[in-house]
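*Asks:* this one's sequence-less:
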(Lines give C-alpha, C1' and ligand atoms only; values in the text may rest on other atoms or scores of the structure.)
Protein backbone atom coordinates (compact mmCIF):
# COMPACT_ATOMS: atom_id res chain seq x y z
CA UNK A 1 0.00 0.00 0.00
CA UNK A 2 1.07 3.54 -0.72
CA UNK A 3 -0.68 5.15 2.24
CA UNK A 4 1.55 7.20 4.50
CA UNK A 5 4.56 6.36 2.36
CA UNK A 6 3.46 8.99 -0.14
CA UNK A 7 4.26 11.89 2.15
CA UNK A 8 7.71 11.38 3.72
CA UNK A 9 10.93 10.86 1.83
CA UNK A 10 11.92 7.24 2.07
CA UNK A 11 15.11 5.92 3.57
CA UNK A 12 18.39 6.85 1.93
CA UNK A 13 18.99 3.25 0.89
CA UNK A 14 16.25 3.56 -1.74
CA UNK A 15 17.44 4.96 -5.10
CA UNK A 16 16.31 8.57 -5.34
CA UNK A 17 14.59 10.22 -8.32
CA UNK A 18 16.51 13.50 -8.00
CA UNK A 19 20.02 13.13 -9.38
CA UNK A 20 21.30 16.71 -9.40
CA UNK A 21 21.38 19.48 -6.79
CA UNK A 22 18.80 22.24 -6.70
CA UNK A 23 19.83 25.13 -8.90
CA UNK A 24 19.69 28.68 -7.53
CA UNK A 25 16.46 30.54 -8.38
CA UNK A 26 15.03 27.39 -9.94
CA UNK A 27 11.63 25.77 -9.29
CA UNK A 28 10.41 25.73 -5.67
CA UNK A 29 12.54 23.32 -3.67
CA UNK A 30 9.74 22.24 -1.33
CA UNK A 31 7.48 21.27 -4.23
CA UNK A 32 10.20 19.26 -5.91
CA UNK A 33 11.01 17.44 -2.71
CA UNK A 34 7.34 16.58 -2.16
CA UNK A 35 6.95 15.13 -5.65
CA UNK A 36 10.28 13.29 -5.35
CA UNK A 37 9.00 11.71 -2.14
CA UNK A 38 5.93 10.38 -3.93
CA UNK A 39 7.93 8.91 -6.81
CA UNK A 40 10.53 7.43 -4.47
CA UNK A 41 7.98 5.23 -2.71
CA UNK A 42 9.30 1.62 -2.86
CA UNK A 43 6.24 0.10 -4.64
CA UNK A 44 7.00 2.36 -7.61
CA UNK A 45 10.68 1.47 -7.88
CA UNK A 46 10.52 -0.87 -10.88
CA UNK A 47 8.43 1.39 -13.08
CA UNK A 48 9.58 4.08 -15.48
CA UNK A 49 8.19 7.53 -14.68
CA UNK A 50 8.13 10.77 -16.59
CA UNK A 51 6.74 14.00 -15.13
CA UNK A 52 6.62 17.63 -16.12
CA UNK A 53 4.80 20.50 -14.39
CA UNK A 54 4.84 24.04 -15.81
CA UNK A 55 3.29 27.34 -14.86
CA UNK A 56 0.89 28.65 -17.48
CA UNK A 57 1.44 32.14 -16.09
CA UNK A 58 5.23 32.32 -16.21
CA UNK A 59 6.13 29.31 -18.39
CA UNK A 60 8.47 28.24 -15.55
CA UNK A 61 9.07 24.52 -15.20
CA UNK A 62 8.20 23.74 -11.58
CA UNK A 63 9.08 20.05 -11.72
CA UNK A 64 10.54 17.66 -14.26
CA UNK A 65 11.78 14.12 -14.22
CA UNK A 66 12.43 12.15 -17.42
CA UNK A 67 10.45 14.90 -19.13
CA UNK A 68 12.12 14.22 -22.49
CA UNK A 69 11.88 10.43 -22.32
CA UNK A 70 9.62 8.79 -24.89
CA UNK A 71 6.92 6.81 -23.08
CA UNK A 72 3.78 4.93 -24.10
CA UNK A 73 0.88 7.35 -23.55
CA UNK A 74 -2.15 5.02 -23.76
CA UNK A 75 -5.20 7.31 -23.97
CA UNK A 76 -3.17 10.45 -23.36
CA UNK A 77 -2.64 10.14 -27.12
CA UNK A 78 -6.20 11.50 -27.42
CA UNK A 79 -4.86 14.88 -26.27
CA UNK A 80 -2.50 14.82 -29.25
CA UNK A 81 -5.21 13.79 -31.73
CA UNK A 82 -7.86 16.22 -30.51
CA UNK A 83 -5.41 19.13 -30.44
CA UNK A 84 -4.49 18.55 -34.08
CA UNK A 85 -8.11 17.94 -35.12
CA UNK A 86 -9.30 21.14 -33.45
CA UNK A 87 -6.62 23.09 -35.30
CA UNK A 88 -7.13 21.40 -38.68
CA UNK A 89 -10.92 20.94 -38.67
CA UNK A 90 -12.18 23.54 -36.19
CA UNK A 91 -14.48 23.07 -33.20
CA UNK A 92 -17.54 23.66 -35.41
CA UNK A 93 -16.70 20.80 -37.78
CA UNK A 94 -19.56 18.39 -38.46
CA UNK A 95 -20.02 15.14 -40.41
CA UNK A 96 -22.68 14.92 -43.14
CA UNK A 97 -24.49 11.71 -44.11
CA UNK A 98 -26.67 11.71 -47.23
CA UNK A 99 -29.41 9.48 -48.59
CA UNK A 100 -29.85 9.26 -52.37
CA UNK A 101 -32.35 7.52 -54.62
CA UNK A 102 -30.62 6.19 -57.74
CA UNK A 103 -33.21 5.27 -60.36
CA UNK A 104 -36.57 6.16 -61.83
CA UNK A 105 -39.45 6.90 -59.46
CA UNK A 106 -42.80 5.84 -60.88
CA UNK A 107 -46.15 4.88 -59.37
CA UNK A 108 -44.79 4.79 -55.82
CA UNK A 109 -41.79 2.65 -56.73
CA UNK A 110 -38.08 3.43 -56.89
CA UNK A 111 -36.75 1.32 -59.72
CA UNK A 112 -33.19 1.28 -58.43
CA UNK A 113 -31.11 1.53 -55.28
CA UNK A 114 -30.96 3.71 -52.22
CA UNK A 115 -27.43 4.97 -51.51
CA UNK A 116 -26.29 6.05 -48.06
CA UNK A 117 -23.12 8.16 -48.31
CA UNK A 118 -21.11 8.62 -45.12
CA UNK A 119 -18.21 10.83 -44.12
CA UNK A 120 -17.41 9.26 -40.75
CA UNK A 121 -20.02 10.47 -38.23
CA UNK A 122 -19.14 8.47 -35.08
CA UNK A 123 -22.06 9.64 -32.93
CA UNK A 124 -25.15 7.89 -34.34
CA UNK A 125 -26.28 5.53 -31.58
CA UNK A 126 -29.10 2.99 -31.86
CA UNK A 127 -31.94 5.12 -30.46
CA UNK A 128 -30.99 8.19 -32.49
CA UNK A 129 -30.48 6.02 -35.55
CA UNK A 130 -33.96 4.54 -35.32
CA UNK A 131 -35.44 8.05 -35.16
CA UNK A 132 -33.29 9.23 -38.07
CA UNK A 133 -34.11 6.24 -40.26
CA UNK A 134 -37.83 6.61 -39.48
CA UNK A 135 -37.55 10.23 -40.60
CA UNK A 136 -35.86 9.03 -43.80
CA UNK A 137 -38.83 6.73 -44.39
CA UNK A 138 -41.06 9.78 -44.06
CA UNK A 139 -38.96 11.65 -46.63
CA UNK A 140 -39.28 8.72 -49.04
CA UNK A 141 -43.05 8.67 -48.62
CA UNK A 142 -43.14 12.44 -49.17
CA UNK A 143 -41.42 11.79 -52.52
CA UNK A 144 -44.08 9.24 -53.35
CA UNK A 145 -41.82 6.22 -52.77
CA UNK A 146 -43.55 3.25 -51.15
CA UNK A 147 -41.34 0.45 -52.48
CA UNK A 148 -37.74 0.02 -53.61
CA UNK A 149 -36.85 -2.60 -56.17
CA UNK A 150 -33.13 -2.43 -55.52
CA UNK A 151 -30.70 -2.47 -52.63
CA UNK A 152 -29.66 -0.25 -49.75
CA UNK A 153 -26.02 0.50 -50.68
CA UNK A 154 -23.56 1.87 -48.16
CA UNK A 155 -21.01 4.21 -49.77
CA UNK A 156 -18.08 4.35 -47.34
CA UNK A 157 -15.48 5.58 -49.81
CA UNK A 158 -14.77 8.79 -47.89
CA UNK A 159 -12.33 6.65 -45.87
CA UNK A 160 -10.13 3.76 -46.87
CA UNK A 161 -11.12 0.26 -45.77
CA UNK A 162 -8.22 -0.29 -43.36
CA UNK A 163 -10.25 0.48 -40.25
CA UNK A 164 -7.92 -0.94 -37.58
CA UNK A 165 -5.16 1.07 -35.96
CA UNK A 166 -1.49 0.26 -36.51
CA UNK A 167 -0.19 -2.37 -34.09
CA UNK A 168 -3.47 -3.11 -32.32
CA UNK A 169 -3.30 -6.39 -30.44
CA UNK A 170 -5.31 -9.13 -32.13
CA UNK A 171 -6.86 -10.24 -28.83
CA UNK A 172 -8.36 -6.76 -28.31
CA UNK A 173 -10.30 -6.94 -31.57
CA UNK A 174 -13.53 -8.59 -30.32
CA UNK A 175 -14.08 -5.81 -27.80
CA UNK A 176 -15.93 -2.57 -28.44
CA UNK A 177 -12.93 -0.40 -27.53
CA UNK A 178 -11.12 -1.88 -30.56
CA UNK A 179 -13.97 -1.35 -33.03
CA UNK A 180 -12.74 -0.57 -36.52
CA UNK A 181 -13.45 2.78 -38.17
CA UNK A 182 -15.52 3.41 -41.29
CA UNK A 183 -17.15 6.29 -43.14
CA UNK A 184 -20.54 4.84 -42.12
CA UNK A 185 -20.71 4.16 -38.37
CA UNK A 186 -23.66 3.05 -36.26
CA UNK A 187 -23.91 2.42 -32.51
CA UNK A 188 -20.16 3.02 -32.27
CA UNK A 189 -19.69 -0.11 -34.43
CA UNK A 190 -20.54 -2.39 -31.53
CA UNK A 191 -23.37 -4.66 -30.37
CA UNK A 192 -24.35 -6.04 -27.00
CA UNK A 193 -23.56 -9.73 -26.52
CA UNK A 194 -25.85 -11.40 -23.96
CA UNK A 195 -25.11 -14.86 -22.58
CA UNK A 196 -27.64 -16.71 -20.42
CA UNK A 197 -27.14 -20.12 -18.75
CA UNK A 198 -29.23 -23.07 -19.89
CA UNK A 199 -31.78 -24.77 -17.63
CA UNK A 200 -29.28 -27.29 -16.25
CA UNK A 201 -25.56 -28.05 -16.08
CA UNK A 202 -24.29 -29.38 -19.39
CA UNK A 203 -26.81 -27.49 -21.50
CA UNK A 204 -25.62 -25.02 -24.09
CA UNK A 205 -25.77 -21.37 -23.05
CA UNK A 206 -28.15 -19.03 -24.88
CA UNK A 207 -26.43 -16.29 -26.89
CA UNK A 208 -27.92 -13.17 -28.50
CA UNK A 209 -26.69 -9.97 -30.15
CA UNK A 210 -28.50 -6.62 -30.13
CA UNK A 211 -29.23 -4.56 -32.11
CA UNK A 212 -29.71 -6.92 -35.07
CA UNK A 213 -27.91 -6.67 -38.38
CA UNK A 214 -24.34 -6.71 -37.07
CA UNK A 215 -23.20 -9.18 -39.71
CA UNK A 216 -21.41 -11.21 -37.03
CA UNK A 217 -21.62 -15.00 -37.17
CA UNK A 218 -21.52 -16.52 -33.68
CA UNK A 219 -19.63 -19.78 -33.19
CA UNK A 220 -20.37 -20.77 -29.60
CA UNK A 221 -19.55 -23.86 -27.58
CA UNK A 222 -20.45 -22.14 -24.30
CA UNK A 223 -21.91 -24.61 -21.83
CA UNK A 224 -23.79 -24.28 -18.57
CA UNK A 225 -21.68 -25.28 -15.56
CA UNK A 226 -22.84 -26.28 -12.08
CA UNK A 227 -24.59 -23.67 -9.97
CA UNK A 228 -22.09 -21.68 -7.94
CA UNK A 229 -19.17 -22.49 -10.22
CA UNK A 230 -17.03 -19.66 -11.55
CA UNK A 231 -18.08 -18.52 -15.03
CA UNK A 232 -15.38 -18.31 -17.67
CA UNK A 233 -16.23 -16.75 -21.03
CA UNK A 234 -13.67 -16.08 -23.78
CA UNK A 235 -14.45 -14.27 -27.03
CA UNK A 236 -12.20 -14.02 -30.07
CA UNK A 237 -12.44 -12.67 -33.59
CA UNK A 238 -9.64 -12.50 -36.12
CA UNK A 239 -8.95 -9.40 -38.24
CA UNK A 240 -11.18 -9.27 -41.32
CA UNK A 241 -13.45 -12.03 -40.06
CA UNK A 242 -17.12 -11.79 -39.09
CA UNK A 243 -16.91 -15.01 -37.05
CA UNK A 244 -17.17 -14.35 -33.31
CA UNK A 245 -15.96 -17.40 -31.41
CA UNK A 246 -17.19 -17.99 -27.85
CA UNK A 247 -15.70 -20.61 -25.54
CA UNK A 248 -16.05 -21.46 -21.85
CA UNK A 249 -18.94 -21.77 -19.43
CA UNK A 250 -21.52 -19.86 -17.41
CA UNK A 251 -22.87 -21.10 -14.09
CA UNK A 252 -26.44 -22.40 -13.87
CA UNK A 253 -28.75 -19.90 -12.23
CA UNK A 254 -26.39 -16.99 -12.72
CA UNK A 255 -27.37 -13.59 -14.11
CA UNK A 256 -27.16 -12.93 -17.83
CA UNK A 257 -23.60 -11.93 -18.73
CA UNK A 258 -23.27 -8.99 -21.12
CA UNK A 259 -20.40 -7.32 -22.93
CA UNK A 260 -20.00 -5.05 -25.93
CA UNK A 261 -18.34 -6.58 -28.98
CA UNK A 262 -17.16 -4.93 -32.19
CA UNK A 263 -18.59 -5.62 -35.63
CA UNK A 264 -16.38 -6.60 -38.54
CA UNK A 265 -17.94 -4.40 -41.24
CA UNK A 266 -19.38 -1.10 -39.93
CA UNK A 267 -20.92 -0.30 -43.31
CA UNK A 268 -22.97 -3.51 -43.42
CA UNK A 269 -24.11 -2.88 -39.85
CA UNK A 270 -25.24 0.63 -40.81
CA UNK A 271 -27.15 -0.25 -43.98
CA UNK A 272 -28.76 -3.29 -42.34
CA UNK A 273 -30.11 -0.92 -39.69
CA UNK A 274 -31.41 1.44 -42.39
CA UNK A 275 -33.08 -1.36 -44.33
CA UNK A 276 -34.70 -2.87 -41.22
CA UNK A 277 -36.00 0.53 -40.12
CA UNK A 278 -37.47 1.34 -43.55
CA UNK A 279 -39.28 -1.98 -43.67
CA UNK A 280 -40.60 -1.40 -40.15
CA UNK A 281 -41.91 1.96 -41.35
CA UNK A 282 -43.84 0.36 -44.21
CA UNK A 283 -41.34 0.87 -47.06
CA UNK A 284 -41.07 -2.33 -49.12
CA UNK A 285 -37.33 -2.87 -49.75
CA UNK A 286 -36.78 -5.80 -52.11
CA UNK A 287 -32.98 -5.79 -52.35
CA UNK A 288 -30.34 -6.55 -49.73
CA UNK A 289 -28.24 -4.18 -47.65
CA UNK A 290 -24.74 -4.13 -49.17
CA UNK A 291 -21.35 -2.47 -48.91
CA UNK A 292 -20.52 -0.58 -52.13
CA UNK A 293 -17.13 -2.31 -52.17
CA UNK A 294 -18.81 -5.74 -52.37
CA UNK A 295 -20.95 -5.16 -55.47
CA UNK A 296 -19.85 -5.43 -59.09
CA UNK A 297 -22.44 -2.91 -60.33
CA UNK A 298 -22.37 -0.01 -57.85
CA UNK A 299 -25.02 2.62 -58.50
CA UNK A 300 -23.84 6.01 -59.70
CA UNK A 301 -24.51 9.05 -57.55
CA UNK A 302 -24.48 11.20 -60.67
CA UNK A 303 -28.09 11.96 -61.50
CA UNK A 304 -29.36 10.42 -58.25
CA UNK A 305 -31.96 12.29 -56.20
CA UNK A 306 -30.91 13.59 -52.79
CA UNK A 307 -33.64 12.45 -50.40
CA UNK A 308 -32.28 13.55 -47.03
CA UNK A 309 -29.13 14.46 -45.15
CA UNK A 310 -28.08 14.29 -41.53
CA UNK A 311 -25.49 16.43 -39.81
CA UNK A 312 -23.63 15.26 -36.72
CA UNK A 313 -23.09 17.34 -33.59
CA UNK A 314 -20.03 19.63 -33.88
CA UNK A 315 -16.53 18.55 -32.91
CA UNK A 316 -16.86 20.52 -29.66
CA UNK A 317 -19.65 18.12 -28.61
CA UNK A 318 -18.11 14.96 -30.07
CA UNK A 319 -14.89 15.75 -28.20
CA UNK A 320 -16.61 15.47 -24.82
CA UNK A 321 -17.48 11.82 -25.50
CA UNK A 322 -13.96 11.29 -26.86
CA UNK A 323 -12.20 12.69 -23.80
CA UNK A 324 -14.48 12.29 -20.80
CA UNK A 325 -15.33 8.65 -21.60
CA UNK A 326 -12.12 7.94 -23.55
CA UNK A 327 -13.93 6.64 -26.63
CA UNK A 328 -11.31 5.19 -28.96
CA UNK A 329 -13.52 5.13 -32.07
CA UNK A 330 -13.87 8.91 -32.03
CA UNK A 331 -10.10 9.40 -31.94
CA UNK A 332 -9.47 7.06 -34.85
CA UNK A 333 -12.29 8.73 -36.80
CA UNK A 334 -10.67 12.13 -36.30
CA UNK A 335 -7.35 10.76 -37.53
CA UNK A 336 -8.96 9.44 -40.73
CA UNK A 337 -10.92 12.68 -41.13
CA UNK A 338 -7.79 14.83 -41.00
CA UNK A 339 -6.24 12.63 -43.66
CA UNK A 340 -9.37 12.80 -45.81
CA UNK A 341 -9.55 16.58 -45.56
CA UNK A 342 -5.93 16.78 -46.74
CA UNK A 343 -6.64 14.46 -49.68
CA UNK A 344 -5.30 11.22 -48.18
CA UNK A 345 -8.21 9.39 -46.48
CA UNK A 346 -6.03 7.02 -44.47
CA UNK A 347 -4.56 6.71 -41.00
CA UNK A 348 -1.16 7.50 -42.51
CA UNK A 349 -2.54 10.71 -43.98
CA UNK A 350 -4.04 11.64 -40.63
CA UNK A 351 -0.81 10.95 -38.76
CA UNK A 352 1.04 13.24 -41.13
CA UNK A 353 -1.44 16.03 -40.38
CA UNK A 354 -0.99 15.54 -36.62
CA UNK A 355 2.78 15.70 -36.80
CA UNK A 356 2.82 18.72 -39.12
CA UNK A 357 0.37 20.61 -36.93
CA UNK A 358 2.11 19.99 -33.65
CA UNK A 359 5.60 20.64 -34.98
CA UNK A 360 4.33 24.10 -35.92
CA UNK A 361 3.39 24.47 -32.24
CA UNK A 362 6.98 23.76 -31.21
CA UNK A 363 6.66 20.03 -30.45
CA UNK A 364 9.87 18.40 -31.62
CA UNK A 365 9.54 15.48 -34.01
CA UNK A 366 11.77 13.47 -31.67
CA UNK A 367 9.26 13.98 -28.82
CA UNK A 368 6.25 12.46 -30.58
CA UNK A 369 5.77 9.21 -32.50
CA UNK A 370 2.20 8.78 -33.77
CA UNK A 371 0.89 5.40 -34.87
CA UNK A 372 -2.83 5.67 -34.06
CA UNK A 373 -5.24 8.28 -32.75
CA UNK A 374 -6.51 6.71 -29.55
CA UNK A 375 -3.42 5.26 -27.86
CA UNK A 376 -4.61 1.66 -28.13
CA UNK A 377 -1.38 0.68 -29.86
CA UNK A 378 1.90 0.19 -28.02
CA UNK A 379 3.73 1.86 -30.89
CA UNK A 380 2.76 5.39 -29.86
CA UNK A 381 5.42 7.30 -27.93
CA UNK A 382 5.38 10.80 -26.50
CA UNK A 383 7.33 12.73 -23.89
CA UNK A 384 5.78 14.49 -20.88
CA UNK A 385 7.37 17.69 -22.20
CA UNK A 386 5.49 17.34 -25.49
CA UNK A 387 2.17 16.83 -23.74
CA UNK A 388 2.74 19.88 -21.55
CA UNK A 389 3.70 21.91 -24.63
CA UNK A 390 0.45 20.90 -26.34
CA UNK A 391 -1.61 21.65 -23.23
CA UNK A 392 0.10 25.02 -22.89
CA UNK A 393 -0.59 25.96 -26.51
CA UNK A 394 -4.26 24.99 -26.20
CA UNK A 395 -4.62 27.07 -23.04
CA UNK A 396 -3.02 30.16 -24.58
CA UNK A 397 -4.95 30.07 -27.85
CA UNK A 398 -8.30 31.85 -27.53
CA UNK A 399 -9.96 29.67 -30.14
CA UNK A 400 -9.07 26.47 -28.25
CA UNK A 401 -8.97 27.29 -24.54
CA UNK A 402 -12.60 27.03 -23.47
CA UNK A 403 -13.66 24.31 -25.91
CA UNK A 404 -10.75 22.05 -24.98
CA UNK A 405 -11.13 22.54 -21.22
CA UNK A 406 -14.78 21.46 -21.44
CA UNK A 407 -13.76 18.10 -22.87
CA UNK A 408 -11.54 17.07 -19.96
CA UNK A 409 -12.75 14.89 -17.07
CA UNK A 410 -12.97 16.83 -13.79
CA UNK A 411 -11.38 15.29 -10.69
CA UNK A 412 -13.99 13.79 -8.38
CA UNK A 413 -16.84 14.89 -10.64
CA UNK A 414 -17.16 13.21 -14.03
CA UNK A 415 -15.71 11.06 -16.78
CA UNK A 416 -12.76 8.81 -16.05
CA UNK A 417 -11.81 10.98 -13.03
CA UNK A 418 -15.23 10.80 -11.38
CA UNK A 419 -13.97 8.67 -8.48
CA UNK A 420 -10.47 10.06 -8.09
CA UNK A 421 -9.10 12.80 -5.80
CA UNK A 422 -12.40 13.18 -3.94
CA UNK A 423 -12.21 15.23 -0.77
CA UNK A 424 -8.96 16.95 -1.75
CA UNK A 425 -8.03 20.38 -3.09
CA UNK A 426 -7.88 18.79 -6.52
CA UNK A 427 -11.57 17.80 -6.52
CA UNK A 428 -13.49 20.05 -8.90
CA UNK A 429 -10.20 21.80 -9.65
CA UNK A 430 -7.98 19.45 -11.65
CA UNK A 431 -9.00 18.55 -15.20
CA UNK A 432 -7.09 15.82 -16.97
CA UNK A 433 -7.03 13.01 -19.47
CA UNK A 434 -6.35 9.56 -18.11
CA UNK A 435 -4.67 6.72 -19.95
CA UNK A 436 -4.51 3.03 -19.09
CA UNK A 437 -3.38 -0.27 -20.53
CA UNK A 438 -1.38 -3.12 -19.06
CA UNK A 439 1.79 -1.64 -17.55
CA UNK A 440 0.79 1.93 -18.48
CA UNK A 441 -0.97 4.66 -16.49
CA UNK A 442 -0.95 8.32 -17.53
CA UNK A 443 -2.62 11.55 -16.43
CA UNK A 444 -2.12 14.94 -18.09
CA UNK A 445 -4.05 18.17 -17.77
CA UNK A 446 -4.49 21.33 -15.70
CA UNK A 447 -4.76 22.22 -12.01
CA UNK A 448 -4.87 25.51 -10.12
CA UNK A 449 -2.53 25.92 -7.14
CA UNK A 450 -3.57 27.21 -3.74
CA UNK A 451 -2.23 30.62 -4.83
CA UNK A 452 -4.48 30.63 -7.91
CA UNK A 453 -1.68 29.83 -10.34
CA UNK A 454 -2.72 27.76 -13.36
CA UNK A 455 -0.43 24.79 -13.98
CA UNK A 456 -0.14 22.26 -16.80
CA UNK A 457 1.12 18.79 -15.93
CA UNK A 458 1.88 15.41 -17.46
CA UNK A 459 2.45 12.30 -15.35
CA UNK A 460 3.36 9.08 -17.16
CA UNK A 461 4.15 5.64 -15.74
CA UNK A 462 5.31 2.67 -17.84
CA UNK A 463 6.69 -0.82 -17.20
CA UNK A 464 5.40 -1.31 -13.67
CA UNK A 465 4.47 -4.56 -11.98
CA UNK A 466 2.76 -3.01 -8.96
CA UNK A 467 -1.08 -2.91 -8.90
CA UNK A 468 -2.41 -0.15 -11.19
CA UNK A 469 -4.40 1.39 -8.33
CA UNK A 470 -1.14 2.10 -6.50
CA UNK A 471 0.21 3.88 -9.57
CA UNK A 472 -2.98 5.91 -9.96
CA UNK A 473 -2.83 6.94 -6.29
CA UNK A 474 0.72 8.17 -6.78
CA UNK A 475 -0.32 10.23 -9.81
CA UNK A 476 -3.29 11.60 -7.88
CA UNK A 477 -1.03 12.47 -4.96
CA UNK A 478 1.17 14.53 -7.29
CA UNK A 479 -1.85 16.44 -8.61
CA UNK A 480 -3.13 17.06 -5.08
CA UNK A 481 0.34 18.32 -4.12
CA UNK A 482 0.14 20.77 -7.03
CA UNK A 483 -3.33 21.90 -5.93
CA UNK A 484 -1.95 22.57 -2.42
CA UNK A 485 1.18 24.31 -3.67
CA UNK A 486 1.88 27.89 -2.60
CA UNK A 487 4.72 30.17 -3.67
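*Replies:* Ah, there it is. No experiment lies behind these values; they were computed from the predicted model shown. Residues are numbered from 1 along each chain as shown.

*Asks:* for the record, mean pLDDT for the longest strand along the chain?
*Replies:* When the chain is parsed with DSSP state E, its longest strand is strand 96-106. Averaging pLDDT along strand 96-106 yields 96.

*Asks:* now stretch 224-235
*Replies:* The model assigns stretch 224-235 a mean pLDDT of 96.

*Asks:* Stretch 185-201 now?
*Replies:* 97.

*Asks:* The next helix or strand after the longest strand of the chain: partners in the sheet, and parallel or antiparallel?
*Replies:* Next helix or strand after strand 96-106 toward the C-terminus (DSSP states H and E): strand 109-117. Sheet partners assigned to strand 109-117 using DSSP bridges are listed as strand 96-106 (antiparallel), strand 147-148 (parallel), strand 152-155 (parallel).

*Asks:* and those, which is most packed in?
*Replies:* Greatest average neighbour count among the strands paired with strand 109-117 goes to strand 152-155 (a mean of 25), per mean count of other CB atoms under 10 Å. In short, each C-beta sits where N, CA and C put it, glycine included.

*Asks:* got the contact list for that strand?
*Replies:* Strand 152-155 is contacted by residues 113-118, 183-184, 267-268, 270-271, 274-275, 278, 285, 287-292, 295, 298-299, 301 when judged by CB atoms under 8 Å, 6 or more residues apart in numbering.

*Asks:* what ranges do the helices span in this structure?
*Replies:* Assigned by DSSP state H, the helices in the chain fall at 29-39, 77-89, 126-142, 266-280, 315-324, 328-341, 347-360, 384-396, 401-407, 468-484.

*Asks:* Give the buried residues for the fourth one.
*Replies:* Taking 16 or more other CB atoms under 10 Å as the neighbour-count basis, helix 266-280 is seen to contain the buried residues 266-278.

*Asks:* Now the strands paired with strand 109-117 in a markdown table, please, with extra columns for distance to residue 212.
*Replies:* Below are those laid out as a markdown table (distance: least, CB to CB, whole Å):
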| stretch | distance to residue 212 |
| --- | --- |
| strand 96-106 | 21 |
| strand 147-148 | 20 |
| strand 152-155 | 15 |
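
*Asks:* if we can go back for a sec, out of the helices of the chain, flag the one nearest residue 70.
*Replies:* For residue 70, the closest of the helices of the chain is helix 384-396, at 9.0 Å, according to CB to CB.

*Asks:* Residue ranges of each domain in this structure, please.
*Replies:* 3-91+316-484, 96-161+266-314, 193-260 (automatic domain parsing).

*Asks:* And the residue lying closest to residue 316 once chain neighbours are set aside, how close does it get to residue 175?
*Replies:* Distances taken as CB to CB, 6 or more residues apart in numbering place residue 91 nearest to residue 316, at 4.3 Å, with adjacent residues excluded. Distance of residue 91 to residue 175, computed by CB to CB, to the nearest Å: 30 Å.

*Asks:* Out of those two, name the residue with the larger neighbour count.
*Replies:* Applying other CB atoms under 10 Å to residue 91 and residue 175 shows that residue 91 carries more neighbours, namely 20 against 16.

*Asks:* And the more buried one, how close does it get to residue 212?
*Replies:* From residue 91 to residue 212 the distance is 36 Å (CB to CB).

*Asks:* so residue 481 makes contact with residue 36?
*Replies:* No. If you go by CB atoms under 8 Å, residue 481 and residue 36 don't touch, sitting 10.6 Å apart.
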